[in-house]
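Asks: Need a 3D model of the following:
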Amino acid sequence: MRSFKNLVFLPVILSTLVSCNQEDLSKIKEQLKEELKEEVVDDTAPTTPTTPLPTESEDLKIVIISDLNGSYGSVDYNSRIDVAISKINEVRPDLVLVTGDMVAGQKKGLNYEAMWDGFHRTVTVPLSMAGIPVFVTPGNHDASAYSGFEQERAIYKREWESYQSDYIQDYDQITKVDMSNYPFYYSFAFKGTLFISLDGTKTSELDSTQKAWLLSQVKTPVEYKNKVVFSHLPFHPVAQGRENDYIRDASNSLYKELKSSGVNLFLSGHHHSYYPGVYDGTRFVSQSCLGSGPRKLISSSSTSKYSFTMVDFSDGIKVDAYDYPSFKKPVPRSSLPSKIKSPKGGYLNRDDTVFSNVSIGNLE
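Replies: Numbers count the residues shown, from 1 in each chain. Modelled structure (predicted):
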């Protein structure tokens with residue numbers, strides 16, 4: 001396994017030394033000493049789920065970013081992503097989730113390692129240097145589960161196993177619940193909330209193995225304040241031109257089991273459109289993109305803005321997306337449709353038409 005620290009993290013630390021004042025320089029030098037310490041990396045993933053002790057409920061804020069890639073094979077990222085990451089570091093969420101499409105793959109003959117190096121330099125490294133853990137879920141351009149993309153999936157796995165070995169183990173508040181299929185489908189707990197990643201890159205039902213695993217995770221006897229499922233494809237489509245791009249669920253049977261087991265938030269990407277939706281009393285939040293190609297919501301004439309999403313769990317669940325260029329003010333809910341018809345029956349309703357006190361407000 002190539003070392004994430006040595007290949008990506010260390011050169012960036014060194015490149016920052018020249019622009020720091022003496023106090024910052026001393027801090028970075030101390031950090032550098034820690035990064036250079038030899039450590040034993042255990043490449044063996046757990047084979048069975050563990051039963052975590054629930055972390056005492058605390059205030060929790062997370063940021064979700066999605067669909068950061070550009071054109072096929074791109075190794076560089078638009079400067080607005082630098083601005084977004086800088087703002088995220090400034091507001092210091094407890095963790096960052098990435099709901100897929102981090103690199104511009106899904107095509108043969110591309111330099112995937114160079115693309116991943118570009119992503120890490122732009123996103124993973126700055127967040128890690130700020131002490132913010134990053135958790136990912138595969139997108140179709142990163143690690144499609146369709147036939148023919150086995151090599152891309154192997155590279156994706158190697159990249160994020162390296163990150164987990166080098167950094168995730170350092171965050172002692174994070175409980176690894178079941179990482180045996182990381183970085184595809186896996187679960188972890190943080191500050192009283194259970195997070196579950198799905199390997200959701202196919203417009204079909206989850207396979208029986210993943211479905212059984214998912215249900216075993218949500219039906220845990222451990223009590224959590226929140227249970228969050230995140231994936232690339234959504235369970236409900238929201239964007240024009242992507243009406244058929246969603247995870248199938250015959251008769252909503254899987255959703256019903258997830259809801260009855262306490263799942264209260266679903267997060268997704270792929271549709272390049274922000275929508276804070278509610279279906280049958282459960283929140284489904286679609287993220288806009290930071291990379292290329294924002295889309296129009298179904299039944300809307302306006303293109304979604306480049307943005308990242310923040311979720312605050314400290315008093316119920318509050319959600320806002322913050323758009324480019326300032327990433328300070330939330331996208332007005334009045335600019336979004338009040339509801340979007342779901343192919344699964346009924347409507348995905350905008351959250352403020354169902355719940356009160358849904359907005360976080362401005363970021364300073």
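Asks: Quick check: I132 is in a strand.
Replies: No - according to DSSP: H, G, I helix; E, B strand; the rest coil, I132 belongs to no strand; its state is coil.
Asks: The closest residue to it other than its chain neighbours: neighbour count?
Replies: Of all residues not flanking I132 in the chain, V96 sits nearest, at 5.7 Å (CB to CB, 6 or more residues apart in numbering). Where you see a C-beta, it was placed from the backbone N, CA and C, and this is true even at glycine. Counted with other CB atoms under 10 Å, the neighbours of V96 add up to 23.
Asks: which stretches of this protein form strands?
Replies: Per DSSP state E, the chain carries strands over the ranges 61-65, 95-98, 134-136, 174-178, 186-190, 193-197, 226-231, 265-268, 275-279, 282-286, 307-312, 318-323, 339-341, 347-350.
Asks: from the middle of its chain, how far away would stretch 297-313 be?
Replies: Remark: stretch 297-313 is offset 15 Å from the chain centroid, using CA atoms, centre = their mean, to the nearest Å.
Asks: How about stretch 111-131?
Replies: With CA atoms, centre = their mean as the basis, stretch 111-131 stands 15 Å off its chain's centre.
Asks: Just the buried residues of it, please?
Replies: For stretch 111-131, burial by neighbour count (16 or more other CB atoms under 10 Å) applies to 112, 115-129.
Asks: just to revisit the earlier point, might one say that the residue nearest to I132 is in contact with I62?
Replies: Yes - the pair formed by V96 and I62 meets the contact definition of CB atoms under 8 Å, at 7.0 Å.
Asks: what pLDDT does S19 get?
Replies: What the model reports for S19 is a pLDDT of 47.
Asks: try G73
Replies: For G73, the model assigns a pLDDT of 85.
Asks: Just the C-alpha atoms of stretch 82-99, please, in CSV.
Replies: Only the C-alpha atoms of stretch 82-99 are listed here, as CSV (Å, rounded to 0.1, in the frame of the first residue of the first chain):
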residue,chain,number,x,y,z
ASP,A,82,-10.1,25.8,-2.8
VAL,A,83,-12.4,28.6,-1.6
ALA,A,84,-15.0,26.1,-0.3
ILE,A,85,-12.4,24.0,1.6
SER,A,86,-10.9,27.2,3.1
LYS,A,87,-14.4,28.2,4.4
ILE,A,88,-15.0,24.7,5.7
ASN,A,89,-11.7,24.8,7.6
GLU,A,90,-12.7,28.2,9.0
VAL,A,91,-16.1,27.0,10.3
ARG,A,92,-14.5,23.8,11.6
PRO,A,93,-17.2,21.1,11.4
ASP,A,94,-16.7,17.9,13.4
LEU,A,95,-16.3,15.9,10.2
VAL,A,96,-16.8,16.1,6.4
LEU,A,97,-18.7,13.6,4.4
VAL,A,98,-18.1,13.3,0.6
THR,A,99,-21.0,11.8,-1.3
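Asks: just to revisit the earlier point, what's near enough to touch the residue nearest to I132?
Replies: Counting by CB atoms under 8 Å, 6 or more residues apart in numbering, V96 touches 62-65, 88, 127, 132-135.
Asks: which residues does the residue nearest to I81 when sequence neighbours are not counted contact?
Replies: For I81, ignoring the flanking residues on the chain, the nearest one in space by CB to CB, 6+ apart is L290 at 5.2 Å. By CB under 8 Å, 6+ apart, L290 lies in contact with 65-68, 78, 80-81, 84, 306-308, 324.
Asks: what's the answer for A130, then?
Replies: The contact partners of A130, by CB under 8 Å, 6+ apart, come to 89, 92.
Asks: Quick check: the gap between the residue nearest to I132 and M102.
Replies: Using CB to CB, to the nearest Å, V96 is found at 12 Å from M102.
Asks: neighbours around the nearest residue to Y112 once chain neighbours are set aside, how many?
Replies: Closest residue to Y112 apart from its sequence neighbours, by CB to CB, 6+ apart: I155 at 4.7 Å. I155 has 18 neighbours, counted by other CB under 10 Å.
Asks: I155 contacts N111, doesn't it?
Replies: No - the pair I155 / N111 is not scored as a contact, 10.3 Å apart, by CB under 8 Å.
Asks: what comes up buried for stretch 246-259?
Replies: Neighbour counts over stretch 246-259 (16+ other CB under 10 Å) mark 246-247, 249, 252, 254-255, 257-259 as buried.
Asks: List the neighbours of that stretch that are in contact with it.
Replies: Stretch 246-259 has contacts (CB under 8 Å, 6+ apart) with 198, 200, 202-206, 211, 214-215, 218, 229, 231, 233-237, 280-282, 343-345.
Asks: Emit the ChimeraX select command for whichever of those residues are buried.
Replies: Here is the ChimeraX command that picks out the buried ones among the contacts of stretch 246-259, judged by 16+ other CB under 10 Å:
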select :198,200,202,203,206,211,214,218,229,231,233,234,235,236,237,280,344
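Asks: in the stretch 251-364 of the chain, which spans are helices?
Replies: Ranges of helices within the stretch 251-364 of the chain are 253-260, based on DSSP state H, counting those that start in this stretch.
Asks: Pull the number of nearby residues for G316.
Replies: Residues lying near G316 (other CB under 10 Å) number 12.
Asks: Same question for S338.
Replies: 12.
Asks: who touches it in this structure?
Replies: Going by CB under 8 Å, 6+ apart, the list of residues near S338 reads 349-350, 353.
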